[in-house]
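**Q** here are the coordinates; sequence isn't available:
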């Protein structure tokens, strides 16, 4: 069979910013920076396209971004929220191919080969997939369709924002030729300077150099450069890799020693971890609590259950006991985290609970998970994760 452009790279456009704009539509069209306040020592996590016009980009110091665009809106990142939206996007991707690899929170590769009967030709399937993501989540995305992962990734970058670029098999070199060498994945600032010193500014320039010369200058990296300039890659899909652990954590905006919001957050984190556990069809035997105090001193405490578990009440009960036992109440807390490990398949037993109560909890959990999948995680919370108030 001839080669086919069936590798799709899906990349969410300015993902963190786009998620924030769902809750703050008044910021649309304005320069928005996610990562922290303008006067903080952190770095930019994401910038809207309006902010990028001022030269702001990811990993830039926040203070530099503020100097470039003093009127930009700076927002703290909510990475647990971004993770929830990423999970919803991943659920859409798996409808289009059994071979999906999430390579980061906001990008993934799919192999559409063999899906023609269900989804149609790869270009049509790719268009339908991107359209469903945007119509379902209201989040913009772009895609690149090609015969190799490398070219698919370059194509999705060229398609931004809100575009789909198809590079038919056999046209990879022609597509890459006019692009700057920096567009090739893996070529950073240092390699770019080295290539420029050799007079190599476009991918076409790089492709014209003999492999032996590239290897003489760059060693093994020269071999990779020779292959990349022609659109080749040596990547394989990494799928069906089960997690070794499932973790959730939260950093408080201000260090706190207030019991109620701390225990409410612990319940919230426990519920999120349990949902991910069930989605993976797994149960956990070892539960680990992380407490980071003001000053970044971090303590972890773990407990191993006599039998694996997957339901919220049993697992939260253990985390709450660990927290109440080991929290030094004289100190304020900066971060709380929970981790589930010792993961196994199969049905766990809820000790001390009769079969009827277990069945009711199972039904309640399944109903809650369905509502969360449809309306977002925060649409359903168990009582322990809602801070109590005097009102």
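**A** It's in. Predicted model only: the values in this text are computed from it and were never measured.

**Q** pull the residues that contact the helix or strand where residue 143 lies.
**A** Counting by DSSP states H and E, the element that carries residue 143 is strand 141-146. By C-beta atoms under 8 Å, 6 or more residues apart in numbering, the residues outside strand 141-146 that reach it are 5-13, 89, 112, 122-123, 126, 129-130, 133-134, 151-167, 169, 172, 231. The way it works is simple: take the backbone N, C-alpha and C, and place the C-beta from them, glycine included.

**Q** tell me the mean pLDDT over the helix or strand following it?
**A** Downstream of strand 141-146, the first helix or strand assigned by DSSP H and E is helix 149-159. What helix 149-159 shows for mean pLDDT is 96.

**Q** next: stretch 287-298.
**A** Here the average pLDDT along stretch 287-298 is 87.

**Q** again with stretch 251-260
**A** For stretch 251-260, mean pLDDT rounds to 87.

**Q** so how far is residue 320 from residue 266?
**A** Per C-beta to C-beta, to the nearest Å, residue 266 is found 6 Å from residue 320.

**Q** between these two, which has more neighbouring residues?
**A** Each of residue 266 and residue 320 has its neighbours counted (other C-beta atoms under 10 Å); residue 266 has more, 24 against 16.

**Q** which residues in the stretch 151-300 of the chain form strands?
**A** Using DSSP state E, counting those that start in this stretch, the strands of the stretch 151-300 of the chain run over 164-166, 245-256, 284-293, 298-309.

**Q** to residue 20, which of these lies closest?
**A** Among the strands of the stretch 151-300 of the chain, strand 245-256 comes nearest to residue 20, with 15.4 Å by C-beta to C-beta.

**Q** list of residues touching that closest one?
**A** 76, 80, 262, 265, 268-270, 272-273, 276-277, 280, 282, 284, 290, 293-294, 332-341, 343.

**Q** re the thing from before, the strand holding residue 143 pairs with which strands?
**A** strand 7-12 (antiparallel), strand 164-166 (parallel) (DSSP bridges).

**Q** now, of the ones you listed, which is deepest in the fold?
**A** strand 7-12 (a mean of 26; mean count of other C-beta atoms under 10 Å).

**Q** the bottom helix or strand of the chain by mean pLDDT?
**A** Lowest mean confidence among the helices and strands of the chain (mean pLDDT, DSSP states H and E): helix 355-375, at a mean of 60.

**Q** before we move on, the earlier item: and the strands paired with strand 141-146 as TSV, adding distance to residue 201 and mean pLDDT?
**A** Output for the strands paired with strand 141-146, formatted as TSV (distance: least, C-beta to C-beta, whole Å; pLDDT from 0 to 100):
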stretch	distance to residue 201	mean pLDDT
strand 7-12	25	96
strand 164-166	22	97
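
**Q** among the ones you listed, which comes closest to residue 214?
**A** Using C-beta to C-beta, the strands paired with strand 141-146 put strand 7-12 closest to residue 214, at 25.1 Å.

**Q** mind checking how far the helix or strand following that closest one is from the chain centre?
**A** For strand 7-12, the following helix or strand on the C-terminal side (DSSP H and E) is helix 15-23. Computed by C-alpha atoms, centre = their mean, to the nearest Å, the chain-centroid distance of helix 15-23 equals 14 Å.

**Q** just want the angle from helix 15-23 to strand 141-146.
**A** For helix 15-23 against strand 141-146, the angle by axes from the mean of the first three to the mean of the last three C-alpha atoms, to 10 degrees is 140 degrees.

**Q** when you give positions from now on, start the count at 383
**A** Right, with 383 as the first residue, what we last looked at is helix 397-405.

**Q** from the rest of the structure, what touches helix 397-405?
**A** Helix 397-405 is contacted from outside by 394, 409-410, 414-416, 427-430, 457, 459-460, 463-464, 467-468, 487-488, 520-522, using C-beta under 8 Å, 6+ apart.

**Q** buried by neighbour count: which residues of it qualify?
**A** For helix 397-405, the neighbour count (16 or more other C-beta atoms under 10 Å) marks 397-403 as buried.

**Q** again with stretch 543-563
**A** For stretch 543-563, by 16+ other C-beta under 10 Å, it's 545-549, 554, 557-558, 563.

**Q** dump those into TSV; add distance to residue 682 as well.
**A** Shown next, in TSV, are the buried residues of stretch 543-563 (distance: C-beta to C-beta, whole Å):
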residue	distance to residue 682
545	45
546	45
547	46
548	48
549	47
554	48
557	49
558	47
563	45
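
**Q** okay, now residue 685: neighbour count?
**A** Quick note: residue 685 (other C-beta under 10 Å) scores 14 neighbours.

**Q** contacts only, for it.
**A** By C-beta under 8 Å, 6+ apart, the contact set of residue 685 is 668-669, 700, 703-704.

**Q** quick one on the thing from earlier: out of the contacts of strand 627-638, which are buried?
**A** Buried among those by 16+ other C-beta under 10 Å: 644, 647, 650-652, 654-655, 658-659, 664, 666, 672, 675, 714-723, 725.
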